[in-house]
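>>> below are the sequence and a predicted model for it; my questions follow.
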Amino acid sequence: MAETNDFKTIADSNLRTGSVKLFALFGLITAWALATGYYQIFSVFAEYDDEGYLMMTVKQFTDGFILYDQIYTQYGPAYYIYKWFPHALFNLPVTHNFTRLNTLLMWTLTALVGGLFTFRLTRSALAAAAAYALTFLALFRTVYEPGHPQELCGFLVISSLFLLAGEKYGRILDIRIALLGAVSAFLCLAKVNVGIFLCLSLAITFLTFTKTSKIQRLALIGLTSAAALLPFVLFRKHFFIGWLNLSIIVAVGLIATLLTSLIRTKKTIFSFRHFLIISVSFFATALLIVLFVCLKGTMPESLLNGVILQHFRFGDNFFMAAPIQRLAIFWAVFALAIASAIFYFAKKRPFETEIAEVILKGGFGLTVITASLTGYYIFLGSFLLLSFATPFLWLLLLKPFEKRSFSAADLPRAALILVALLQTLQIYPIAGTQMSYATFLMLIVAVLCLNDVSRQSKILFPQIFGDINLRKCLIIAATLGLFCVATYRTYISREIYNSQLPLNLAGATRLRLPEKNVVTYNFLVENIKSDCDTFVSMPGINSLYFWAQKKPPTTYNTTAWMTLLDDEQQKAVVESLKTERRVCAVYHPQLTQNGLRERDLSSFPLSGYILNNFSVRGEINQYRFMMPNDSLQNPTLHSSDNGK
């Protein structure tokens, strides 16, 4: 008994020491992240201006306009509740400054929770710190779309995994399951595709850790099959441009994960009561969200169309080739072959199999981290992860042979793999900045794999890795390498920020951009302010409304409105423009053409009206300032020589 108490005392002491170390490391990383993120997020403005579009919808919602019935948006009501709350509670204006600071906070919190999740699984402060820093670096493309729902979705996805990484029994588990249901519902009603992928992943995880029965087996087979077939159904219209490749890769990853889990006996954690708890919590949360927006005026049929039905049509007009390498198919087949071999040899040749697993996990972890850091300023890292890491995520489930059976500790690992697999599907139909959110969980998988390798290597190769000094040297080298990368990112970000000019427009005083951009936006804003009561832009550059402090002609404001708004909505904008005394237009031909898919611009009601009734009065860097043909106004335009 005394020995047991001594062991418990030592364990508690180690845990306290690890917690203190974690707190210190996380404090330093948070300070670094906020400083680096600040320089990055206030040094970039994406011309396609998703930021302005989303800010406009948030402002209109906080001003009392009705979601979906009056406000055009592609996103769910939960996102607008999340945005409405701080503005309503603290009476804060919707500005670029606040939107970007809020995004920086969510970006940092997402990475921080990823680090805490890793600590719960490893009890290693260094592994947790690595996951925190790497996740923050991986999500840097957030700066191109501040205020986008993806920042909320990323936080909710990692939070759901964190809720599965604690106590597995008793009342605490019931509370966490209830919170998980609420988080899942909020996610589904913020961005429906991401929410569905999460719910399907969690359902498979729950069934895997439920008491084995005929119904459980049938349900597990059915849900896993549905998950494997889901990408083939989603991408069916665009197989010819590479989306078939991603379908195959995700299906292979699910099959390999199933093979890996079959090696071990199942551990019962969940019961029917837990399914009931999460279901009640999910539907209660969803009902509260629906009631909130309906009480604000949204009609049920508009809500149904806004949350679900409109998304069935979205991929018809907006799509691009899948960012998957052609060799990825052969790589996926190779991954499936390795999973099958491990399944076959695990009991026959356990020692050799375990050595192979350690080598595979180590190679996977190092490759994923290297690929992510290599592709920091381009999409290369995400391309490589989607193509080559996805079918190998199942490696995280491999453990020493004597510990093959399922335990409660395997629950968050299984959930992490399944969630990471299905979250890759969110890149459809246009793989843009969301590729970072589709792949950042793979970095956590990589860190966990390397942590496993560190522990297993001491047992398998004691003559090499049993030396404490050698292990310390390896850890110090890895820590210094990551520190150098992080410091370099901060230095470069600060240099870019300091080399640029302040934009100095309303609500965007913190923003610094290249001189060409500053001259362009100031030219447009000053002429809009002096000569227009309202204006329309083609495509929608809604940030100009905030900078010029003008109200849009209607509440139908988006980016590529030429194909997103239907004819009736465009005609409503035209009629509103006709009633204005001083009206103008801003037109960027190349940006407009990017969203047309070779369709004739004049065939759309609003763009046809602009082209036929407005003429160019000034131009700068491809932006054309236009006024009505019959206008008697004589605007004084600023010189457009700077970069025309």
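Alright, I've got the coordinates. Computed from a predicted model, the values in this text were never measured in an experiment.
>>> helix or strand for Leu384, just tell me which one.
helix 380-384 (DSSP states H and E).
>>> how far out from the middle of the chain is whatever helix or strand comes next after that helix?
Following helix 380-384 in sequence order, the next helix or strand is helix 410-423 (DSSP H and E). Using Cα atoms, centre = their mean, to the nearest Å, we find the averaged C-alpha position of helix 410-423 to lie 16 Å away from the chain's own average C-alpha position.
>>> repeat for stretch 587-602
With Cα atoms, centre = their mean as the basis, the mean position of stretch 587-602 lies at 28 Å from the chain mean.
>>> ok, and what's touching it?
Residues lying outside stretch 587-602 but in contact with it, judged by Cβ atoms under 8 Å, 6 or more residues apart in numbering, are 47-48, 317-318, 537-539, 541, 559-560, 562-563, 607-608, 610-612, 614, 616, 622-624, 626. In this view, the C-beta of every residue, glycine as well, is placed from N, C-alpha and C.
>>> 10 Å - rerun?
Where contact means Cβ atoms under 10 Å, 6 or more residues apart in numbering, the residues beyond stretch 587-602 that reach it are 47-49, 316-319, 536-541, 559-564, 603-604, 607-612, 614, 616, 619, 621-626.
>>> ok, stretch 507-518 next?
Taking Cβ under 10 Å, 6+ apart as the rule, stretch 507-518 contacts 38-39, 41-45, 47, 55, 93-101, 496-505, 519-521, 543, 546-547, 549, 620-621, 642-643.
>>> alpha carbons only: can I get it in CSV?
Once side chains and other backbone atoms are set aside, the C-alpha atoms of stretch 507-518 remain, and they are given as CSV (Å, rounded to 0.1, in the frame of the first residue of the first chain):
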residue,chain,number,x,y,z
GLY,A,507,-12.2,51.7,-39.5
ALA,A,508,-8.9,50.4,-41.1
THR,A,509,-6.3,52.6,-39.5
ARG,A,510,-4.2,49.6,-38.3
LEU,A,511,-4.0,48.2,-41.8
ARG,A,512,-0.7,48.7,-43.8
LEU,A,513,-0.5,47.8,-47.5
PRO,A,514,1.9,48.2,-50.4
GLU,A,515,2.0,51.8,-51.8
LYS,A,516,0.2,50.7,-55.0
ASN,A,517,-2.8,49.4,-53.0
VAL,A,518,-2.9,52.4,-50.7
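>>> quick one: low-confidence ranges for the stretch 301-450 of the chain?
The model of the stretch 301-450 of the chain has pLDDT under 70 over residues 315, 375-380, 400-406.
>>> ignoring the adjacent residues along the chain, who's closest to Trp561?
Distance criterion Cβ to Cβ, 6 or more residues apart in numbering; nearest residue to Trp561, sequence neighbours excluded, is Gly540 at 5.2 Å.
>>> if I look at that neighbour, how far off is Thr99?
In this structure, Gly540 and Thr99 are 17 Å apart, going by Cβ to Cβ, to the nearest Å.
>>> do the same with Trp32
Where Thr99 is concerned, Trp32 sits at a distance of 23 Å (Cβ to Cβ).
>>> neighbour count for those two, which is higher?
Residue environment comparison for Trp32 versus Thr99 gives the larger neighbour count to Thr99, 23 against 19, counting by other Cβ atoms under 10 Å.
>>> output the lowest mean pLDDT helix or strand found in this structure.
Among the secondary structure pieces of the chain, namely its helices and strands, helix 462-465 has the lowest mean (mean pLDDT, DSSP states H and E), a mean of 61.
>>> determine the set of other helices and strands touching the strand or helix carrying Gly222.
When elements are assigned from DSSP H and E, Gly222 belongs to helix 214-234. Contacts of helix 214-234 with other secondary structure elements, assessed using 3 or more Cβ pairs under 10 Å, 6 or more residues apart in numbering; DSSP states H and E, are made with helix 192-208, helix 243-262, helix 410-423.
>>> pLDDT weak spots in this structure?
When the per-residue scores of the chain are filtered using pLDDT under 70, the ranges that remain are 1-18, 262-267, 315, 375-380, 400-406, 460-471, 595, 597-598, 631-644.
>>> residue contacts, the residue nearest the centre of it?
Centroid-nearest residue in the chain, with Cα atoms, centre = their mean: Tyr437, separated by 2.9 Å. When the contact criterion is Cβ under 10 Å, 6+ apart, the partners of Tyr437 are 110, 138-139, 141-142, 148, 150-151, 153-155, 157-158, 191, 194, 382, 423, 426-427.
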